[in-house]
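Peer 1: Here's a sequence, model it:
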Amino acid sequence: MQFIDLKRQYKKFKIEIDQQIKKVLDHGQYIMGPEVFELEDNLADFVNSKHAISCGSGTDALLMSLMALNVKPGDYVLTTPFTYIATAEVISLVGAIPVFIDIDPHTFNIDIDKLEQALKQNPNKYQVVIPVSIFGLPADFKELEKLKVKYNLKIIEDAAQSFGSSVDGKMSCSFGDIGCTSFFPAKPLGCYGDGGSIFTDDDNLAEILKSIRIHGTGADKYHNIRVGINGRLDTIQAAILIIKLKAFSNEVELRNKVAEQYNDNLKDSFGLQMIPSGYISSWAQYSILCNSDSHRNSIIEKLNDKKIPNAIYYSIPLHLQKVYEQLNYKKGDLLISEDISSRIISLPMHPYLSSDEIDKICNAILD
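Peer 2: Predicted structure coming up:
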(Lines give C-alpha, C1' and ligand atoms only; values in the text may rest on other atoms or scores of the structure.)
Protein backbone atom coordinates (compact mmCIF):
# COMPACT_ATOMS: atom_id res chain seq x y z
CA MET A 1 0.00 0.00 0.00
CA GLN A 2 1.23 3.48 -0.91
CA PHE A 3 0.60 6.72 1.02
CA ILE A 4 0.01 8.43 -2.34
CA ASP A 5 -0.06 5.89 -5.19
CA LEU A 6 1.40 7.69 -8.19
CA LYS A 7 2.20 4.41 -9.96
CA ARG A 8 -1.45 3.35 -9.93
CA GLN A 9 -2.49 6.69 -11.36
CA TYR A 10 0.22 6.59 -14.05
CA LYS A 11 -0.89 3.14 -15.24
CA LYS A 12 -4.40 4.51 -15.72
CA PHE A 13 -3.22 7.34 -18.00
CA LYS A 14 0.02 5.82 -19.29
CA ILE A 15 -0.79 5.87 -23.03
CA GLU A 16 -1.89 9.54 -23.08
CA ILE A 17 0.98 10.71 -20.85
CA ASP A 18 3.61 8.83 -22.85
CA GLN A 19 2.23 10.29 -26.09
CA GLN A 20 2.40 13.82 -24.67
CA ILE A 21 5.99 13.36 -23.48
CA LYS A 22 6.99 11.97 -26.90
CA LYS A 23 5.38 14.98 -28.55
CA VAL A 24 7.68 17.28 -26.56
CA LEU A 25 10.71 15.11 -27.32
CA ASP A 26 9.84 15.33 -31.01
CA HIS A 27 9.55 19.12 -31.19
CA GLY A 28 12.40 19.74 -28.72
CA GLN A 29 11.09 22.99 -27.19
CA TYR A 30 11.92 22.03 -23.61
CA ILE A 31 11.79 25.56 -22.20
CA MET A 32 8.56 27.59 -22.64
CA GLY A 33 7.29 25.24 -25.34
CA PRO A 34 3.71 25.39 -26.66
CA GLU A 35 2.42 23.00 -23.99
CA VAL A 36 3.25 25.56 -21.30
CA PHE A 37 0.86 28.10 -22.81
CA GLU A 38 -1.79 25.46 -23.54
CA LEU A 39 -1.65 24.36 -19.91
CA GLU A 40 -1.93 27.95 -18.67
CA ASP A 41 -5.08 28.48 -20.72
CA ASN A 42 -6.55 25.24 -19.35
CA LEU A 43 -5.64 26.12 -15.75
CA ALA A 44 -7.17 29.60 -16.03
CA ASP A 45 -10.38 28.07 -17.40
CA PHE A 46 -10.49 25.49 -14.62
CA VAL A 47 -10.09 28.07 -11.86
CA ASN A 48 -12.12 30.73 -13.69
CA SER A 49 -9.24 33.14 -13.34
CA LYS A 50 -8.22 35.69 -15.96
CA HIS A 51 -4.55 34.73 -15.83
CA ALA A 52 -2.59 31.58 -14.98
CA ILE A 53 1.19 32.00 -14.90
CA SER A 54 2.97 28.67 -14.59
CA CYS A 55 6.24 28.47 -12.71
CA GLY A 56 8.89 26.10 -11.39
CA SER A 57 7.33 25.22 -8.04
CA GLY A 58 4.78 26.23 -5.45
CA THR A 59 7.59 27.98 -3.58
CA ASP A 60 8.45 29.98 -6.70
CA ALA A 61 4.77 30.91 -6.99
CA LEU A 62 4.71 32.38 -3.48
CA LEU A 63 8.08 34.09 -3.84
CA MET A 64 7.18 35.65 -7.19
CA SER A 65 3.86 36.86 -5.76
CA LEU A 66 5.55 38.67 -2.88
CA MET A 67 8.02 40.21 -5.34
CA ALA A 68 5.17 41.31 -7.63
CA LEU A 69 3.41 42.98 -4.69
CA ASN A 70 6.67 44.79 -3.86
CA VAL A 71 6.96 43.33 -0.35
CA LYS A 72 10.18 44.83 0.96
CA PRO A 73 12.77 44.14 3.66
CA GLY A 74 11.33 45.05 7.05
CA ASP A 75 7.69 44.58 5.99
CA TYR A 76 5.50 42.30 8.11
CA VAL A 77 3.48 39.50 6.52
CA LEU A 78 0.76 37.62 8.41
CA THR A 79 0.43 33.86 7.99
CA THR A 80 -0.17 30.59 9.82
CA PRO A 81 2.43 28.46 11.65
CA PHE A 82 0.61 25.23 10.77
CA THR A 83 2.02 24.75 7.28
CA TYR A 84 5.16 23.72 5.43
CA ILE A 85 8.22 25.95 5.82
CA ALA A 86 7.89 27.26 2.24
CA THR A 87 5.00 29.55 3.27
CA ALA A 88 7.17 31.49 5.71
CA GLU A 89 10.47 30.91 3.96
CA VAL A 90 9.50 33.09 0.99
CA ILE A 91 8.60 35.93 3.35
CA SER A 92 12.12 35.76 4.76
CA LEU A 93 13.68 35.47 1.31
CA VAL A 94 12.36 38.93 0.33
CA GLY A 95 13.61 40.32 3.64
CA ALA A 96 10.19 40.62 5.25
CA ILE A 97 9.19 39.29 8.66
CA PRO A 98 6.59 36.53 9.13
CA VAL A 99 4.01 37.11 11.86
CA PHE A 100 2.27 33.90 12.87
CA ILE A 101 -1.45 33.76 13.68
CA ASP A 102 -2.86 30.70 15.40
CA ILE A 103 -5.26 28.32 13.66
CA ASP A 104 -8.90 27.35 14.08
CA PRO A 105 -9.08 24.06 16.06
CA HIS A 106 -11.73 22.60 13.73
CA THR A 107 -10.60 23.53 10.20
CA PHE A 108 -6.84 23.86 10.98
CA ASN A 109 -6.82 27.02 8.84
CA ILE A 110 -5.87 30.51 10.04
CA ASP A 111 -8.16 31.76 12.82
CA ILE A 112 -10.05 34.76 11.46
CA ASP A 113 -10.83 36.27 14.87
CA LYS A 114 -7.18 36.14 15.93
CA LEU A 115 -6.14 37.55 12.58
CA GLU A 116 -8.45 40.53 13.05
CA GLN A 117 -7.17 41.05 16.59
CA ALA A 118 -3.66 41.46 15.19
CA LEU A 119 -4.92 43.84 12.51
CA LYS A 120 -6.83 45.96 15.04
CA GLN A 121 -3.79 46.25 17.29
CA ASN A 122 -1.52 47.39 14.45
CA PRO A 123 -3.72 48.59 11.55
CA ASN A 124 -0.83 50.25 9.72
CA LYS A 125 1.74 47.51 10.30
CA TYR A 126 0.42 44.84 7.96
CA GLN A 127 -0.28 45.06 4.25
CA VAL A 128 -0.15 41.39 3.20
CA VAL A 129 -1.60 38.14 4.55
CA ILE A 130 -0.89 34.63 3.28
CA PRO A 131 -3.69 32.30 4.40
CA VAL A 132 -2.97 28.63 3.76
CA SER A 133 -5.73 26.35 2.49
CA ILE A 134 -4.52 23.39 4.51
CA PHE A 135 -4.88 19.72 3.55
CA GLY A 136 -7.11 20.71 0.59
CA LEU A 137 -9.62 22.85 2.53
CA PRO A 138 -9.87 26.53 1.54
CA ALA A 139 -9.39 29.06 4.31
CA ASP A 140 -12.35 31.22 5.39
CA PHE A 141 -12.24 33.51 2.38
CA LYS A 142 -15.72 34.90 3.00
CA GLU A 143 -14.37 36.61 6.12
CA LEU A 144 -10.91 37.19 4.66
CA GLU A 145 -12.40 39.20 1.81
CA LYS A 146 -14.16 41.42 4.38
CA LEU A 147 -10.86 41.97 6.20
CA LYS A 148 -9.17 42.74 2.89
CA VAL A 149 -11.52 45.66 2.31
CA LYS A 150 -11.65 46.81 5.94
CA TYR A 151 -7.88 46.90 6.43
CA ASN A 152 -6.74 47.50 2.83
CA LEU A 153 -4.90 44.17 2.68
CA LYS A 154 -3.33 42.23 -0.14
CA ILE A 155 -4.15 38.51 0.05
CA ILE A 156 -2.00 35.72 -1.41
CA GLU A 157 -3.75 32.37 -1.13
CA ASP A 158 -1.27 29.57 -0.45
CA ALA A 159 -3.26 26.90 -2.29
CA ALA A 160 -0.34 24.49 -2.61
CA GLN A 161 -2.56 21.71 -1.22
CA SER A 162 -6.00 22.86 -2.31
CA PHE A 163 -6.12 23.05 -6.11
CA GLY A 164 -9.52 21.70 -7.14
CA SER A 165 -11.31 22.68 -3.93
CA SER A 166 -14.02 25.33 -3.78
CA VAL A 167 -16.27 27.54 -1.63
CA ASP A 168 -19.85 27.85 -2.88
CA GLY A 169 -18.61 26.94 -6.34
CA LYS A 170 -15.75 29.49 -6.38
CA MET A 171 -12.49 27.67 -6.96
CA SER A 172 -9.43 27.75 -4.76
CA CYS A 173 -6.72 29.93 -6.38
CA SER A 174 -9.34 32.51 -7.39
CA PHE A 175 -9.52 34.21 -3.97
CA GLY A 176 -7.73 37.37 -2.90
CA ASP A 177 -5.30 39.19 -5.16
CA ILE A 178 -3.16 36.19 -6.08
CA GLY A 179 -3.58 32.42 -5.74
CA CYS A 180 -0.57 30.10 -5.69
CA THR A 181 -0.51 26.34 -6.11
CA SER A 182 2.01 23.53 -6.36
CA PHE A 183 2.23 20.64 -8.79
CA PHE A 184 4.68 18.66 -6.65
CA PRO A 185 3.98 14.99 -7.45
CA ALA A 186 2.17 14.32 -4.15
CA LYS A 187 -0.25 17.24 -4.54
CA PRO A 188 -3.87 16.65 -5.71
CA LEU A 189 -2.80 17.69 -9.22
CA GLY A 190 0.84 16.70 -9.48
CA CYS A 191 3.39 16.50 -12.26
CA TYR A 192 6.49 14.27 -12.35
CA GLY A 193 8.88 16.79 -10.89
CA ASP A 194 8.52 20.29 -9.47
CA GLY A 195 5.96 22.73 -10.80
CA GLY A 196 3.52 25.42 -9.78
CA SER A 197 1.18 28.14 -10.97
CA ILE A 198 0.02 31.61 -10.02
CA PHE A 199 -3.49 32.94 -10.66
CA THR A 200 -4.74 36.52 -10.77
CA ASP A 201 -7.41 38.67 -12.41
CA ASP A 202 -5.12 41.71 -12.32
CA ASP A 203 -3.63 42.42 -15.77
CA ASN A 204 -0.77 44.49 -14.36
CA LEU A 205 0.20 41.87 -11.79
CA ALA A 206 0.11 39.19 -14.48
CA GLU A 207 2.58 41.10 -16.65
CA ILE A 208 4.90 41.71 -13.69
CA LEU A 209 4.77 38.00 -12.75
CA LYS A 210 5.60 36.94 -16.31
CA SER A 211 8.60 39.26 -16.22
CA ILE A 212 9.77 38.03 -12.81
CA ARG A 213 9.46 34.42 -14.01
CA ILE A 214 12.22 34.98 -16.58
CA HIS A 215 14.85 37.04 -14.76
CA GLY A 216 12.87 40.30 -14.83
CA THR A 217 12.81 40.32 -18.61
CA GLY A 218 11.45 43.24 -20.60
CA ALA A 219 11.22 43.38 -24.39
CA ASP A 220 13.53 40.35 -24.60
CA LYS A 221 15.69 38.24 -22.29
CA TYR A 222 18.61 40.70 -22.57
CA HIS A 223 16.39 43.65 -21.65
CA ASN A 224 15.89 43.39 -17.90
CA ILE A 225 13.56 45.84 -16.16
CA ARG A 226 13.35 44.35 -12.65
CA VAL A 227 14.94 41.74 -10.43
CA GLY A 228 13.49 38.32 -11.20
CA ILE A 229 14.23 34.62 -10.90
CA ASN A 230 14.47 31.55 -13.10
CA GLY A 231 10.92 30.43 -12.36
CA ARG A 232 9.81 28.63 -15.52
CA LEU A 233 7.83 25.40 -15.69
CA ASP A 234 9.48 22.72 -17.85
CA THR A 235 7.58 21.91 -21.04
CA ILE A 236 7.54 18.17 -20.27
CA GLN A 237 5.88 18.83 -16.91
CA ALA A 238 3.30 21.05 -18.61
CA ALA A 239 2.57 18.27 -21.11
CA ILE A 240 1.97 15.78 -18.30
CA LEU A 241 -0.31 18.21 -16.47
CA ILE A 242 -2.43 18.78 -19.59
CA ILE A 243 -3.41 15.09 -19.51
CA LYS A 244 -3.84 14.88 -15.75
CA LEU A 245 -5.97 18.02 -15.63
CA LYS A 246 -8.54 16.39 -17.93
CA ALA A 247 -9.16 13.69 -15.31
CA PHE A 248 -8.78 15.94 -12.31
CA SER A 249 -12.41 16.85 -11.56
CA ASN A 250 -13.27 13.17 -11.41
CA GLU A 251 -10.28 12.55 -9.14
CA VAL A 252 -11.47 15.23 -6.71
CA GLU A 253 -14.83 13.43 -6.55
CA LEU A 254 -13.04 10.14 -5.87
CA ARG A 255 -10.95 11.77 -3.12
CA ASN A 256 -14.14 12.95 -1.46
CA LYS A 257 -15.59 9.43 -1.59
CA VAL A 258 -12.43 8.11 0.08
CA ALA A 259 -12.76 10.81 2.76
CA GLU A 260 -16.43 9.93 3.32
CA GLN A 261 -15.57 6.28 3.96
CA TYR A 262 -12.81 7.29 6.35
CA ASN A 263 -15.23 9.65 8.14
CA ASP A 264 -17.90 6.97 8.50
CA ASN A 265 -15.39 4.64 10.15
CA LEU A 266 -13.47 7.08 12.33
CA LYS A 267 -15.78 9.98 13.28
CA ASP A 268 -16.83 8.44 16.61
CA SER A 269 -13.26 7.75 17.75
CA PHE A 270 -11.10 10.62 16.50
CA GLY A 271 -11.17 14.32 15.88
CA LEU A 272 -11.48 15.09 12.15
CA GLN A 273 -10.95 18.19 10.03
CA MET A 274 -14.28 20.01 9.76
CA ILE A 275 -15.47 20.81 6.24
CA PRO A 276 -17.88 23.79 6.52
CA SER A 277 -21.13 23.91 4.58
CA GLY A 278 -20.58 24.96 0.96
CA TYR A 279 -16.92 23.91 0.99
CA ILE A 280 -15.46 21.10 -1.11
CA SER A 281 -11.99 19.91 -0.14
CA SER A 282 -9.55 18.38 -2.60
CA TRP A 283 -8.17 16.28 0.29
CA ALA A 284 -4.45 16.63 -0.24
CA GLN A 285 -4.21 14.86 3.12
CA TYR A 286 -6.67 12.95 5.27
CA SER A 287 -5.79 13.55 8.90
CA ILE A 288 -7.11 12.49 12.29
CA LEU A 289 -6.51 13.86 15.78
CA CYS A 290 -5.43 11.40 18.45
CA ASN A 291 -6.06 11.93 22.16
CA SER A 292 -2.43 12.69 22.93
CA ASP A 293 1.11 12.37 21.63
CA SER A 294 1.46 8.95 23.31
CA HIS A 295 -1.83 7.81 21.79
CA ARG A 296 -0.53 8.89 18.38
CA ASN A 297 2.70 6.96 18.92
CA SER A 298 0.74 3.79 19.67
CA ILE A 299 -1.33 4.24 16.50
CA ILE A 300 1.79 4.82 14.40
CA GLU A 301 3.34 1.67 15.86
CA LYS A 302 0.23 -0.34 14.97
CA LEU A 303 0.10 1.06 11.43
CA ASN A 304 3.80 0.36 10.91
CA ASP A 305 3.33 -3.22 12.11
CA LYS A 306 0.61 -3.63 9.46
CA LYS A 307 2.85 -1.94 6.85
CA ILE A 308 0.34 0.88 6.44
CA PRO A 309 2.09 4.15 5.51
CA ASN A 310 1.39 7.27 7.56
CA ALA A 311 2.82 10.74 8.11
CA ILE A 312 2.75 13.66 10.54
CA TYR A 313 1.94 17.13 9.16
CA TYR A 314 3.40 19.12 10.95
CA SER A 315 5.34 17.87 13.96
CA ILE A 316 6.82 21.30 14.80
CA PRO A 317 4.79 24.43 13.99
CA LEU A 318 6.78 27.14 12.26
CA HIS A 319 6.93 29.58 15.18
CA LEU A 320 8.92 26.99 17.15
CA GLN A 321 11.33 26.07 14.34
CA LYS A 322 15.00 26.86 14.96
CA VAL A 323 15.16 29.01 11.83
CA TYR A 324 12.73 31.48 13.45
CA GLU A 325 14.12 31.53 16.98
CA GLN A 326 15.17 35.17 16.44
CA LEU A 327 11.46 36.10 16.31
CA ASN A 328 11.27 35.19 20.01
CA TYR A 329 8.20 32.98 19.92
CA LYS A 330 8.06 30.45 22.72
CA LYS A 331 6.14 27.30 23.48
CA GLY A 332 2.63 28.21 24.58
CA ASP A 333 2.35 31.30 22.37
CA LEU A 334 0.16 29.61 19.74
CA LEU A 335 -1.56 26.88 21.68
CA ILE A 336 -3.91 25.49 19.05
CA SER A 337 -1.18 24.96 16.48
CA GLU A 338 1.02 23.35 19.10
CA ASP A 339 -1.76 21.07 20.28
CA ILE A 340 -2.77 19.98 16.77
CA SER A 341 0.87 19.33 15.85
CA SER A 342 1.26 17.05 18.86
CA ARG A 343 -1.80 14.89 18.06
CA ILE A 344 -2.31 14.81 14.29
CA ILE A 345 -1.54 11.93 11.96
CA SER A 346 -2.26 11.62 8.24
CA LEU A 347 -3.42 8.44 6.53
CA PRO A 348 -3.08 7.21 2.94
CA MET A 349 -5.09 9.41 0.57
CA HIS A 350 -5.38 9.27 -3.21
CA PRO A 351 -8.24 8.86 -5.71
CA TYR A 352 -7.61 5.17 -6.36
CA LEU A 353 -7.58 3.92 -2.78
CA SER A 354 -9.95 0.93 -2.70
CA SER A 355 -12.77 0.41 -0.22
CA ASP A 356 -11.01 -2.70 1.11
CA GLU A 357 -7.79 -0.76 1.65
CA ILE A 358 -9.65 1.94 3.57
CA ASP A 359 -11.32 -0.68 5.76
CA LYS A 360 -7.94 -2.28 6.43
CA ILE A 361 -6.49 1.06 7.52
CA CYS A 362 -9.47 1.91 9.73
CA ASN A 363 -9.57 -1.53 11.34
CA ALA A 364 -5.89 -1.31 12.20
CA ILE A 365 -6.47 2.06 13.87
CA LEU A 366 -9.66 1.06 15.68
CA ASP A 367 -7.97 -2.03 17.11
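
Peer 1: Show the contacting residues for the nearest residue to residue 288 once chain neighbours are set aside.
Peer 2: Nearest non-adjacent residue to residue 288, counting by Cβ to Cβ, 6 or more residues apart in numbering: residue 270, 4.1 Å away. Where you see a C-beta, it was placed from the backbone N, CA and C, and this is true even at glycine. By Cβ atoms under 8 Å, 6 or more residues apart in numbering, the contact set of residue 270 is 288-290, 365.

Peer 1: So which of those is the closest to residue 38?
Peer 2: Nearest to residue 38 out of these is residue 288 (Cβ to Cβ; 39.6 Å).

Peer 1: pretty sure the closest one contacts residue 268?
Peer 2: No. Between residue 288 and residue 268 there is no contact under Cβ atoms under 8 Å: 11.8 Å.

Peer 1: quick one, which of these two is more surrounded?
Peer 2: residue 288 (23 against 7; other Cβ atoms under 10 Å).

Peer 1: what stretches of this protein score poorly on pLDDT?
Peer 2: Within the chain, no range satisfies pLDDT under 70.

Peer 1: I would like the residues contacting stretch 255-267, please.
Peer 2: 136, 188, 272, 280-283, 286, 288, 347, 349-351, 353, 355, 358-359, 361-362, 365-366.

Peer 1: In strands only, show me these.
Peer 2: 272, 280, 286, 288, 347 (DSSP state E).

Peer 1: now, which of these sits nearest residue 210?
Peer 2: residue 280 (30.3 Å).

Peer 1: residues in contact with that closest one?
Peer 2: Residue 280 sits in contact with 165-166, 252, 256, where contact means Cβ under 8 Å, 6+ apart.

Peer 1: Likewise for residue 102?
Peer 2: 80-81, 111, 114, 334-337 are the contacts of residue 102 under Cβ under 8 Å, 6+ apart.

Peer 1: Let's see that with 6 Å instead.
Peer 2: 111, 114, 334, 336-337 (Cβ atoms under 6 Å, 6 or more residues apart in numbering).

Peer 1: Please indicate which of those are buried?
Peer 2: Buried subset of the contacts of residue 102 (neighbour count, 16 or more other Cβ atoms under 10 Å): 111, 334, 336-337.

Peer 1: Take the residues you listed and keep only those in helices.
Peer 2: Counted as lying in helices by DSSP state H, out of the buried ones among the contacts of residue 102, are 336-337.

Peer 1: in the stretch 51-200 of the chain, which spans are strands?
Peer 2: 51-55, 76-79, 97-100, 126-130, 154-158, 166-167, 170-171, 178-182, 196-200 (DSSP state E, counting those that start in this stretch).

Peer 1: For the last one, which helices and strands make contact with it?
Peer 2: Where contact means 3 or more Cβ pairs under 6 Å, 6 or more residues apart in numbering; DSSP states H and E, strand 196-200 is packed against strand 51-55, helix 58-68, strand 178-182.
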